[in-house]
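Asks: Below are the sequence and a predicted model; questions follow.
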Amino acid sequence: MAMREILQCFIQDGPDGVQAVLTAPASKGCDRHVRSGRGHTLDGAIGAAMGRPNMRFATAIDERDAEIAVFRRRCLTLLAKDNEICLVGSQ
């Protein structure tokens, strides 16, 4: 069975890598458990936060759009399915 999660992601870029902070969207009505992880790349940091180090963006377009959104300091909404990350939107 595929593991699917919708997450909000806040990214901070620092001298020792990228940090991803993941929370459940507020609209889900549950407690907003926070997970964080660090990596050398955006998908590496997201994978570390999820405890799945082999996470990769589903397409190059998702990866490019996520990097642009991070550069503009926006919150990302992601769909994590198995070991793929799909960009749903940015705020």
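Replies: Arrived safely.

Asks: With R38 as the reference, measure out to I11.
Replies: Per CB to CB, to the nearest Å, I11 is found 11 Å from R38. For glycine as for every other residue, the C-beta is placed from the backbone atoms N, C-alpha and C.

Asks: joint contacts of those two?
Replies: Common contact partners of I11 and R38 (CB atoms under 8 Å, 6 or more residues apart in numbering): V18, Q19, A20, A45.

Asks: What's opposite the first one in the beta bridge?
Replies: This points to V18. D13, G39 (DSSP bridges).

Asks: Which residues are in contact with it?
Replies: I11, Q12, R38, G39, H40, T41, L42, G44, A45.

Asks: can you check the second one too?
Replies: Applying CB under 8 Å, 6+ apart to Q19 gives the contacts I11, Q12, D13, S36, G37, R38, A45.

Asks: Going along the chain, name the helices of this structure.
Replies: Secondary structure of the chain by DSSP state H: the helices cover 42-50, 60-71.

Asks: okay if I get these as JSON lines plus distance to L7?
Replies: Formatted as JSON lines, those follow (distance: least, CB to CB, whole Å):
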{"stretch": "helix 42-50", "distance to L7": "8"}
{"stretch": "helix 60-71", "distance to L7": "12"}
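
Asks: Identify whichever of those lies nearest to S90.
Replies: helix 60-71 (3.8 Å; CB to CB).

Asks: what's the closest one in contact with?
Replies: Applying CB under 8 Å, 6+ apart, the contact partners of helix 60-71 are I11, D13, L42, D43, F57, L76, I85, C86, L87, S90.

Asks: on that earlier part again, just give me the least confident of the contacts of Q19.
Replies: Among these, D13 carries the weakest pLDDT, at 81.
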